[in-house]
Structure formats: structure tokens, C-alpha cells
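Student: I'll drop the sequence and a predicted model, then ask my questions.
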Amino acid sequence: MAVRHRLISTSPQTVWAVLADGRRYAQWVVGTSSSEPVRGKWPQLGAAIRYEVRLGPLRLTNETVVRFCEQGETLELEANAGPLGTARIAIELRPWGDQCLVLVDEHPLRGIGGRLHNVAVEALFQVRHRAMLARLAKLCEAEAAEEERRRPLGQVVSPKPGRGGARA
């Protein structure tokens with residue numbers, strides 16, 4: 001299984017806010033050029049977004065469905081890659097001091113991707129995840145910096161009880 005992690009310099013709440021916005025999916029998922037919610041309220045169970053992948057003049061439209069969601073902590077998706085099949089993508093957020101440890105676990109479920117799954121495919125997943133987590137970190141850290149910039153001077157924000165020492 002392709003498992004990768006990254007420590008993001010912001011709170012789990014900030015990271016979750018980005019993950020919970022289906023319109024921003026294409027901003028952090030490598031390979032997608034656009035995304036839009038099509039069913040349900042993202043990221044609730046069964047909700048779906050449509051995304052587009054562009055390969056030169058070729059455009060592929062596919063769908064990702066929420067299969068499991070634990071608000072603010074875990075998001076499990078099934079991404080449809082058309083003729084390649086589907087993949088399970090699990091994203092877990094853990095408070096890590098005043099930061100967020102993000103773990104991504106992806107593996108093929110159905111179709112040709114599952115049948116041809118091997119070490120080379122795992123290596124490609126690792127490269128893709130490294131880039132995806134870097135994009136997610138950049139997006140979340142920029143959002144946190146903007147929130148900090150807008151906060152009135154002198155305003156103190158207390159961490160949520162029982163959630164570690166994270167600063168909101």
C-alpha cells in the first residue's frame with residue numbers, strides 16, 4: 001500500500017477546512033485540472049465531486065465519492081479513474097503539537113489498476129503523494145497565514161479542549 005505522511009504547519013481544523021471544500025479538490029490533488037460537487041454535501045457520506053484530468057488535448061471527466069467521513073479527522077474516498085478502475089484514498093489528520101500530521105493511504109480497488117498493481121505502481125503513488133501533500137501543505141499554510149493576518153491585534157485564541165495544544 002502507498003502510505004505517505006507530511007507534517008503541515010497549521011492546525012488540523014485548517015487542513016480539514018480545505019479537505020471539506022469539494023471545489024478546492026483540484027487545487028491539491030495532483031493530476032486534476034478542475035473539480036465541482038455533483039451529489040450530496042461534500043464531504044458527507046455518499047457525496048461526490050466530478051473532476052477533470054487533462055493529458056494534452058485529451059480530457060477525462062471522472063468522479064470521487066466519499067465512502068467514510070469522521071468530521072475533522074478521517075476522509076476516505078473512492079476515486080474513479082475511468083478505464084483504469086477505482087482507488088481507495090484514505091486521509092487521516094492527527095494533531096501534532098500545534099501542527100497537523102496528515103497521512104495518506106491509497107491503493108487500487110477495482111479494474112485494471114487493481115489487477116496490474118505492483119511495486120512500480122507503488123513507486124508512482126509515492127511520487128504523486130509527495131507532490132499532493134506538498135500542494136496541500138502550501139494551500140493550508142497560506143490559508144492559516146491569511147487568517148492570522150486578518151485576526152485583530154491582541155486577540156488570543158484558545159485551543160479546543162482535549163485536542164492537544166493546537167492553536168486555531
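Tutor: Sure, I can see it. Everything numeric in this text was worked out from a predicted model, so none of it was measured.

Student: help me confirm that L133 is found in a helix?
Tutor: Yes: under the criterion used here (DSSP: H, G, I helix; E, B strand; the rest coil), L133 sits inside a helix.

Student: list the contacts of the closest residue to it other than its chain neighbours.
Tutor: Nearest non-adjacent residue to L133, counting by CB to CB, 6 or more residues apart in numbering: R6, 3.9 Å away. For the C-beta atoms, the positions are set from N, CA and C on the backbone; glycine is no exception. Contacts for R6 (CB atoms under 8 Å, 6 or more residues apart in numbering) come out as L101, V102, L133, A134, L136, A137.

Student: secondary structure element for the second one?
Tutor: In this structure, V102 is located in strand 99-110 according to DSSP states H and E.

Student: before we move on, the earlier item: now the buried members of the contacts of R6.
Tutor: By neighbour count, with 16 or more other CB atoms under 10 Å, the contacts of R6 hold L101, V102, L133, L136, A137 as buried.

Student: could I get those residues as JSON lines with pLDDT and distance to R88?
Tutor: JSON lines is the format used below for the buried ones among the contacts of R6 (pLDDT from 0 to 100; distance: CB to CB, whole Å):
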{"residue": "L101", "pLDDT": "98", "distance to R88": "20"}
{"residue": "V102", "pLDDT": "98", "distance to R88": "17"}
{"residue": "L133", "pLDDT": "95", "distance to R88": "17"}
{"residue": "L136", "pLDDT": "96", "distance to R88": "18"}
{"residue": "A137", "pLDDT": "97", "distance to R88": "22"}
